[in-house]
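>>> kindly return the folded structure for what I paste below:
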Amino acid sequence: MYNDKNFKTAHPLTFGLSLTAGTGIVLMITALALGVMHVAGENTSALGMIFALGVVLTVIGIGGWLSVTRPFTHFDDINQPVEDDHGHAAHGDDHAIVPHDDHSVSSHESH
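Purely as a prediction, here's the structure:
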């Protein structure tokens, strides 16, 4: 198993909320598909109830996830470098595949 200090694993609560929202979306898609195929016949209230249950589960899952994770307050600052495997801030110049020389002169000649 991948075990790194920067690797974030899913918390059981957020995982459960995502499953709740996903189940709601699956129920809505299933109700719509059955409605298009006219499986229910004249009894469309059952499909309406399945669709409404899907909407409720999706709202609970997304609302719960938003309240638990609060993505609008916890976000990555792109101005702060991420620590590398050795505990130091990663610098783009230190680990560059091709070193960048600021004093290089263009090799193109004027014709």
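
>>> show me the contacts for residue 32.
Residues near residue 32 by Cβ atoms under 8 Å, 6 or more residues apart in numbering: residue 51. From N, CA and C alone the C-beta is placed, and that goes for glycine too.

>>> roughly how far does it sit from residue 78?
From residue 32 across to residue 78, the span is 39 Å (Cβ to Cβ, to the nearest Å).

>>> and if you look at residue 44?
In terms of Cβ to Cβ, residue 44 sits 50 Å off from residue 78.

>>> same deal with residue 65?
Applying Cβ to Cβ to residue 65 and residue 78 gives a distance of 23 Å.

>>> what average pLDDT does the helix or strand harbouring residue 20 get?
Residue 20 is located in helix 12-36, with elements delineated by DSSP states H and E. The average pLDDT for helix 12-36 rounds to 92.

>>> same thing with stretch 77-91?
For stretch 77-91, the mean pLDDT works out to 65.

>>> swap in stretch 44-57?
92.

>>> which residues touch that stretch?
Outside stretch 44-57, the residues that touch it by Cβ under 8 Å, 6+ apart are 20-21, 23-32, 34-35, 40.

>>> sorry, back to before: so residue 65 and residue 78 - more neighbours on which side?
More neighbours surround residue 65 than the other of residue 65 and residue 78, with 19 against 7 (other Cβ atoms under 10 Å).
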